[in-house]
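Engineer: this one's sequence-less:
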């Protein structure tokens, strides 16, 4: 009688490591629930799928395992047997990092394997043999069922750019949890992305892609944004140099907008899916804090202004590094003072007609705002009383489609 | 009556920043004595010298200021007036970092300047103007007077290689302060460099350069080693691509060996000098811990062994990441076990004839030892009882000139 063969699969070290890296972002450094520091590896036919979760998000990435029609094809027929295994994520990644990237890695579980099984799975490559303590597959938290109800598509690079432009103003205050993400919502035929932490605001408008106008308003959590940015960049990079259309991300949601699902291509014909809970809260009516008709308007070269602020801020104090802006006819003087170290000031040409006035800025916020703007020239608009909110946008009208509008509360100087 | 002109000088931002970086290494992140977070800048004729100190070491670096025969030569005649100023080191470096590297930086003190003066020195470049709080020059600790009594020379790259080969075994235990450095001492016609932390030892022999045989035995402090490595690498890099002899470091000392002075060339015809107190203590007679005639000898490919140890150590526990070595006829099995995560093992071919035996190693120490060896093959020699010290050296006889001999105490497994 033939003994039952143990389920196994074979995959190239670099391929598995690439898949792992896509989902590892989700795993927290410390987990009180052991299984959340594990990845679920599912093998079926010639596909291997890796999944990680933090109970708010699930990332799934598939990749191709080795062809069974290799020199040892008889043995590899056994990989027809589907199996799954729950392995410690960071240790597995560390092992793969130390292997030759070309090495073929064999993952094997005992013939007595079942979904309830726990014990040691074998990961081997050449002479190297690792036994990793596996948890029962049944312990791994399943992603929530989603009835996908709405969807739209965007090029990966476009969604990446949008998130990069607004993410700096996401609040980190846990008590105002509804500000801890990007508010994505349709307005008429627009799709808008807004963030604010109470001191500053960023809002980006785009022509709503097909399907987005009936999409519910959702708050995409900060962590989801961070994971998405990595995945979108990977997808975009993987497609570089290849023929054809740039890669597209499919953004689906359920009817209430409490669950989102992002699906995009990845290296080697694979696909990566991110399922994320959205923040369950109401984003404030941010339109009220945008000054509608500020009196004064200054335009200035963006990169020069950023360089001046960085230099002057060296002499500014504390975490906020407040710098003072003094506006006069076609001249802006940026200055800062520190009791311990000294002071700094620098003049810069700008386009301004109006009475002289002064403003203070948190230089970190200002530099983040300037960094998010693509245009060569920025326009600052405010009431010139040093107290009311300042609008910052690119040279083009900030209400134009695609333009980023930012609002900064001035600091006292 | 002409008013007295204020002393000033002019230097290119990147040149001054390069000079600052050479001496900044010495400055501690936190200083209870304010002047120790400052640099002393001395300007005389067309030279600018930057000095930093931590009271145990003094680094001095000179560089050329702007030629006075420029378009504004009349003004720059004033720079004939020598002056010095004590400025906050990290703020000055931060300011320079934010300037265009090509920018000409002007440093100016008031006309009332004296060595006792304190107040605001002006650092300006283009429209940017910084006032830095300066301390009186008289507060800056002068380097100790040295009666230089002995000296020898080495190519910068050679001294850098020697320090890199032995530094990993420097002890960090403050109670055994006499182990907190590199013991440099002549033996007959040799010059030897030794380090140990009680668990491991590294010793390098070289043919003593002219002058070194009468040099006193000294312990070069860990921090001096770190600063030296940077300076030597800079000197070596600056000389790359230029014609002529490779740069040489002059190593001088006083009669007792309590003070060392290292002098080496740097970019742009400059020179950098490091004066360092040596560690006042007696380095132990380390020769006693080197097993003189171990019974067993194993030779193995160095890079393969390092790769195997790194892989297997992924599954080892704790800070020490102990791995087990089992030697048998021409085979070495490296293994490790972690209760939480699992286990690892890998076989490796080696050259060994003798009875089977086992050894444990702190894998971090072992990897550091293997990393310091240049040869392709390493020889391990020990008594095969798993308890006595293990000699590790390159394939060549470890008593050969230039060879690095290391001793490792095995760990319990």
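Structural biologist: Okay, I see it. In this text the structure is predicted, and so the values were computed from the model without any measurement.
Engineer: where does chain A come near chain B, residue by residue?
Structural biologist: Taking C-beta under 8 Å from any C-beta of the partner chain as the criterion, the neighbours of chain B within chain A are A:88, A:91, A:94-95, A:98-99, A:120, A:127-133, A:307-308, A:310-312, A:314-315, A:340-348. Where C-beta positions appear, they are placed from N, C-alpha and C, glycine not excepted.
Engineer: Buried only: go through those for me.
Structural biologist: A:88, A:91, A:94-95, A:98-99, A:128-133, A:307-308, A:310-312, A:314-315, A:341-348 (16 or more other C-beta atoms under 10 Å in any protein chain shown).
Engineer: Narrow those to those in helices?
Structural biologist: A:91, A:94-95, A:98, A:307-308, A:310-312 (DSSP state H).
Engineer: Residue A:302 and chain B: what is the separation?
Structural biologist: 16 Å (C-beta to the nearest C-beta, to the nearest Å).
Engineer: Need phi/psi at the residue lying closest to that residue once chain neighbours are set aside.
Structural biologist: Spatially, and ignoring its direct neighbours in sequence, residue A:302 is nearest to residue A:378 (4.8 Å; C-beta to C-beta, 6 or more residues apart in numbering or on different chains). When read as degrees, to the nearest 10, the backbone of residue A:378 gives phi -120, psi 150.
Engineer: who does residue A:378 bridge with?
Structural biologist: For residue A:378, the beta-bridge partners under DSSP bridges are residue A:300, residue A:394.
Engineer: Would you agree it is in contact with residue A:304?
Structural biologist: No - between residue A:378 and residue A:304 there is no contact under C-beta atoms under 8 Å: 10.2 Å.
Engineer: more neighbours, the two?
Structural biologist: Taking other C-beta atoms under 10 Å in any protein chain shown, residue A:378 and residue A:304 do not tie; residue A:378 has more neighbours (22 against 16).
Engineer: Enumerate every residue touching the more buried one.
Structural biologist: By C-beta atoms under 8 Å, 6 or more residues apart in numbering or on different chains, the contact list for residue A:378 reads A:299-300, A:302, A:305, A:370, A:392-395.
Engineer: Who wins on neighbours among those?
Structural biologist: Counting by other C-beta under 10 Å, top hit in the contacts of residue A:378: residue A:392 with 26 neighbours.
Engineer: got any ranges where the stretch 251-400 of chain A has weak pLDDT?
Structural biologist: Along the stretch 251-400 of chain A, segments meeting pLDDT under 70 span A:396-400.
Engineer: can you map out the strands along it?
Structural biologist: Ranges of strands in the stretch 251-400 of chain A, per DSSP state E, counting those that start in this stretch, are A:259-265, A:271-277, A:296-301, A:322-328, A:331-338, A:342-349, A:357-362, A:377-382, A:390-394.
Engineer: for the stretch 101-250 of chain A, same thing?
Structural biologist: For the stretch 101-250 of chain A, strands defined by DSSP E, counting those that start in this stretch occupy the ranges A:104-108, A:119-125, A:128-134, A:148-155, A:181-187, A:190-196, A:200-207, A:218-221, A:248-254.
Engineer: for these, which one sits closest to residue B:216?
Structural biologist: Closest to residue B:216 of the strands of the stretch 101-250 of chain A, according to C-beta to C-beta: strand A:128-134, at 50.1 Å.
Engineer: tell me, what residue is most central in chain A?
Structural biologist: Nearest to the mean C-alpha position of chain A, by C-alpha atoms, centre = their mean, lies residue A:226 at 2.5 Å.
Engineer: dump the residue contacts of it.
Structural biologist: Here residue A:226 is in contact with residue A:25 (C-beta under 8 Å, 6+ apart).
Engineer: Pull the contacting residues for residue A:91.
Structural biologist: Here residue A:91 is in contact with A:132, B:314-315, B:341-342 (criterion: C-beta under 8 Å, 6+ apart).
Engineer: Report the distance from the longest helix anywhere in chain A to the chain centre.
Structural biologist: In chain A, taking DSSP H as the definition, the longest helix is helix A:222-239. Taking the mean of its C-alpha atoms, helix A:222-239 sits 6 Å from the chain's own mean (C-alpha atoms, centre = their mean, to the nearest Å).
Engineer: what angle sits between it and strand A:259-265?
Structural biologist: Going by axes from the mean of the first three to the mean of the last three C-alpha atoms, to 10 degrees, helix A:222-239 is angled at 20 degrees with respect to strand A:259-265.
Engineer: Identify each buried residue in helix A:222-239, please.
Structural biologist: For helix A:222-239, burial by neighbour count (16+ other C-beta under 10 Å) applies to A:222-225, A:227-229, A:231-232, A:234-236, A:238-239.
Engineer: Could you export those residues as CSV, including pLDDT?
Structural biologist: Formatted as CSV, the buried residues of helix A:222-239 follow (pLDDT from 0 to 100):
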residue, pLDDT
A:222, 97
A:223, 96
A:224, 97
A:225, 98
A:227, 96
A:228, 97
A:229, 96
A:231, 95
A:232, 96
A:234, 91
A:235, 91
A:236, 89
A:238, 83
A:239, 80
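Engineer: ok, of these, which one's closest to residue B:30?
Structural biologist: Distance to residue B:30 across the buried residues of helix A:222-239 (C-beta to C-beta) is lowest for residue A:222, with 33.1 Å.
Engineer: got the contact list for residue A:55?
Structural biologist: Neighbouring residues of residue A:55 by C-beta under 8 Å, 6+ apart: A:33, A:36, A:141.
Engineer: Pull out the buried members of the residues you listed.
Structural biologist: By 16+ other C-beta under 10 Å, the contacts of residue A:55 give residue A:36 as buried.
Engineer: wait, which of the contacts of residue A:55 is closest to residue B:189?
Structural biologist: residue A:36 (63.7 Å).
Engineer: right, and the secondary structure at that closest one would be what?
Structural biologist: helix (DSSP: H, G, I helix; E, B strand; the rest coil).
Engineer: quick one: contacts for it?
Structural biologist: Applying C-beta under 8 Å, 6+ apart, we find residue A:36 in contact with A:27-28, A:53-55, A:141.
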